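Trainee: what follows is a predicted structure for the sequence shown.
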There are 2 protein chains.
Amino acid sequence: MVDESQDAGRPQVTLRDVAEAAGVSLATASNALTGARRPSAVTTQRVVDTAKRLGYRRNEVARSLRTGKTNTIALILPDAGDPFWSALVVGVEGAVRATGRSVVLVTTGFDAEREAALLEGTELAVDGAILVTCDPDRAARAIAAGTVPVVTLDEPVDTPLAGRVTSDNEAGGRLAADLLVDRGGRVFAIVEGRARLHSSRERSLGFRRRLAERGIPDERVLRIVGDYSFEGGRSGLRRLLERHPDIDALFCCSDNAAMGALFEARDQRIDVPSQLMVCGFDGIEWTSWVRPTISTIAQDPIALGLAAAAMVTAMIDGASPPPPVLQPVAVVERESTAR
Amino acid sequence: MVDESQDAGRPQVTLRDVAEAAGVSLATASNALTGARRPSAVTTQRVVDTAKRLGYRRNEVARSLRTGKTNTIALILPDAGDPFWSALVVGVEGAVRATGRSVVLVTTGFDAEREAALLEGTELAVDGAILVTCDPDRAARAIAAGTVPVVTLDEPVDTPLAGRVTSDNEAGGRLAADLLVDRGGRVFAIVEGRARLHSSRERSLGFRRRLAERGIPDERVLRIVGDYSFEGGRSGLRRLLERHPDIDALFCCSDNAAMGALFEARDQRIDVPSQLMVCGFDGIEWTSWVRPTISTIAQDPIALGLAAAAMVTAMIDGASPPPPVLQPVAVVERESTAR
DNA sequence: CTGAAAGCGCTAACAG
DNA sequence: CTGTTAGCGCTTTCAG
């Protein structure tokens, strides 16, 4: 059954083989190739040449066992297929790679227990983890029980034990409010994400606070809880309209939801933007590919990935969780709010 | 500088600690927890309880060094942000996870040398690799020089050393041809992907062979080399129209390109589908979100991931590369070809 | 500047 | 059924 004939022909060339062939000790060979302590130039050269000649490949696992570092970071998220999250994967992977490590990608399918098990368990053999949680409360406990440094990304988790990198969700909500007010909105509504998500609460809060500052009191802002999905936006708008057919300015807490809302409006023969303005959140590519193109509050997934990678690196090197990083967001104004 | 105060409070609990606390030998403790050989129920229970009490976490790195297996598969691809590839990431990650392994995601940004270095080098410490290549020829050489089993996915590589899982690209091309002929196309054109990609060649070949069978000889089929990107489709159609303004049926070898072509048509005030029909390839989600919705030849990224994971698993267990797997594709007919 | 030796934590022979 | 022992391949004191 288990034949293990791996690469039957060539047994692994070890550092010992190289050392013997080069006529130096194991220690010198190691130093020549990996170089904590640099041997003489001529010795180094001889070792390097011998290694190449023999086709030596360093065994990273043995190295990891000895050094206690795997040079690997876990990226844990609910779904790598979501357009915004896949952009985040790109940002994180690039930034982590730039630190000389690689990324172990694990998706949880929105299973909070699985997410917690990954954080608590040791099944992963990584130096640290970057987490996009689907359940901040459960994650907070898991992080406390866990053993490697964790940076929460995009979706904040309320714990001092983890680093935190998010977009400035509240500022984003405020920008959306200004946009919709400036373009002449009168009856405002919002499709929020799932209630337990801080990001959604902050976006909603920023939106409503800014509306209040612009003269629209909170009790006049219609709210519904959906989620960040296409279907969440679609059914969210439908339910809103059932009770308030006069809504003319909608803020969706994700672009997926904005997309869903757009489809619902089309089905109900409500023209966007003349009858209903729509503003999304995230800034994913296809918001510019549909008609009408969708105005949105854009996050910067590359910058988010960079910040998360830097933070987890610092924590691996022994730092306590640095202060939270808040990435700026930007308004992208398009047809869906053009009056 | 390097303080390494990791988890300063608690030093790692090793298996030896557990064995001592439970009053058994190291071997018995190992067997109780990992169980190649099952100790008596009572002993096992005692060890398990002790491990839990001490907060023991198995060191996967040490285990890997001993067993020679990392339980990790590399997924190497040009860009995890591309809509189709991100679907593929989802498929592969899920399938690999189901085998009890995890995925190390590495993107190459279309850098063939980097891709080759990953395949040849040892920087990765994985049991096997699933490769979506950007340069089949370079990859073939790298695979020969490499040391772990490789399965090429989606984009075939011409080497007997690697396993191969692809969609039935030629059949897909034929389906596109039938669709466009059946809907009344008269002047046929194709925007191909980059010349070195086998997938593109096969899609084009299937398309043209089937057209020939339906009475449209190859020399009447207009061809242009673009790439799989949005911009490739957009500029591809533009260049085609410059020379042949009468084209009325277009096959794009990717959905991204079909999307670009749709935009070019809109800019040139060419109505789709009445003046120009467009068919894409891949089956990504947003082809159903634009107007007109785009007909396409759908691949099945979940099935592809499953097949690739199964194949690489078999190869890790010592099998020679199994025969290539060809996944079926399916026509998805939508507005862009509705006459 | 170089070498000898210890040992990271675990599994798998081999004995009892 | 359980224990003893020998490493997996590497880095890193500690001596010379």
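Mentor: Arrived safely, thanks for sending.
Trainee: for DNA strand D, what are the nearby residues on chain A?
Mentor: A:12, A:14-16, A:26-27, A:30-31, A:33-34, A:36-37, A:56, A:58-59, A:62-63, A:65-67 (Cβ under 7 Å from any atom of the strand). C-beta here means a position set from N, CA and C on the backbone, and glycine is covered the same way.
Trainee: quick one, which of the residues you listed are buried?
Mentor: Neighbour-count burial (16 or more other Cβ atoms under 10 Å in any protein chain shown) applied to the residues of chain A next to DNA strand D gives A:14-15, A:30-31, A:33, A:56, A:58-59, A:62-63, A:65.
Trainee: specify which member of those is nearest to B:Leu237.
Mentor: Proximity of these to B:Leu237 was ranked by Cβ to Cβ; the top entry is A:Arg58 with 49.6 Å.
Trainee: pretty sure the closest one is touching A:Ser30, no?
Mentor: No: judged on Cβ atoms under 8 Å, A:Arg58 makes no contact with A:Ser30 at a distance of 9.5 Å.
Trainee: which residues are common contacts for the two?
Mentor: Here A:Arg58 and A:Ser30 have A:Leu15 as joint contacts, going by Cβ atoms under 8 Å, 6 or more residues apart in numbering or on different chains.
Trainee: quickly note the distance from the residue in the stretch 151-300 of chain A positioned nearest to chain B to DNA strand D.
Mentor: Here the stretch 151-300 of chain A gets closest to chain B at one residue, A:Trp286, 5.1 Å apart by Cβ to the nearest Cβ. Distance, A:Trp286 to DNA strand D, by Cβ to the nearest atom of the strand, to the nearest Å: 46 Å.
Trainee: for that residue, what are phi and psi?
Mentor: phi -70, psi -10 (degrees, to the nearest 10).
Trainee: now swap in the one 3 residues further on and tell me
Mentor: Listed backbone geometry of A:Trp289 is phi -110, psi -10, with angles given as degrees, to the nearest 10.
Trainee: count of residues packed around it?
Mentor: By other Cβ atoms under 10 Å in any protein chain shown, 17 other residues sit near A:Trp289.
Trainee: residue numbers of the stretch 51-200 of chain A in contact with chain B?
Mentor: A:57-62, A:64-65, A:68, A:70, A:72, A:75, A:79-81, A:83, A:86-87, A:89-90, A:93-94, A:97, A:102-107, A:121-125, A:147 (Cβ under 8 Å from any Cβ of the partner chain).
Trainee: could you redo the last one with a cut-off of 6 Å?
Mentor: Listed as neighbours of chain B in the stretch 51-200 of chain A under the rule Cβ under 6 Å from any Cβ of the partner chain: A:57-58, A:60-62, A:64-65, A:80-81, A:86-87, A:89-90, A:93, A:102-105, A:107, A:122, A:125.
Trainee: out of these, which are inside helices?
Mentor: A:60-62, A:64-65, A:86-87, A:89-90, A:93 (DSSP state H).
Trainee: which one among the residues you listed gets closest to DNA strand C?
Mentor: The closest of those to DNA strand C turns out to be A:Leu65 (Cβ to the nearest atom of the strand; 4.2 Å).
Trainee: surely the closest one touches B:Arg63?
Mentor: No: counting by Cβ atoms under 6 Å, A:Leu65 does not reach B:Arg63; the two are 9.6 Å apart.
Trainee: DNA strand C contacts on chain A?
Mentor: A:23-28, A:31, A:37-40, A:43, A:62, A:65-66.
Trainee: among these, show me the least confident.
Mentor: Among these, A:Arg37 has the lowest pLDDT, at 70.
Trainee: identify the residue spatially nearest to the spatially most central residue of chain A, adjacent ones excluded.
Mentor: Compute the mean C-alpha point of chain A, and by Cα atoms, centre = their mean the closest residue is A:Leu88, 4.4 Å away. Nearest residue to A:Leu88, sequence neighbours excluded (Cβ to Cβ, 6 or more residues apart in numbering or on different chains): A:Pro301, at 4.8 Å.
Trainee: ok, that neighbour to A:Arg57 distance?
Mentor: 34 Å (Cβ to Cβ, to the nearest Å).
Trainee: which of those two has more neighbours?
Mentor: Using other Cβ under 10 Å, the more surrounded residue of A:Pro301 and A:Arg57 is A:Pro301, with 26 against 16.
Trainee: which residues does that one contact?
Mentor: Residues near A:Pro301 by Cβ atoms under 6 Å, 6 or more residues apart in numbering or on different chains: A:87-88, A:91.
Trainee: all set now, cheers.
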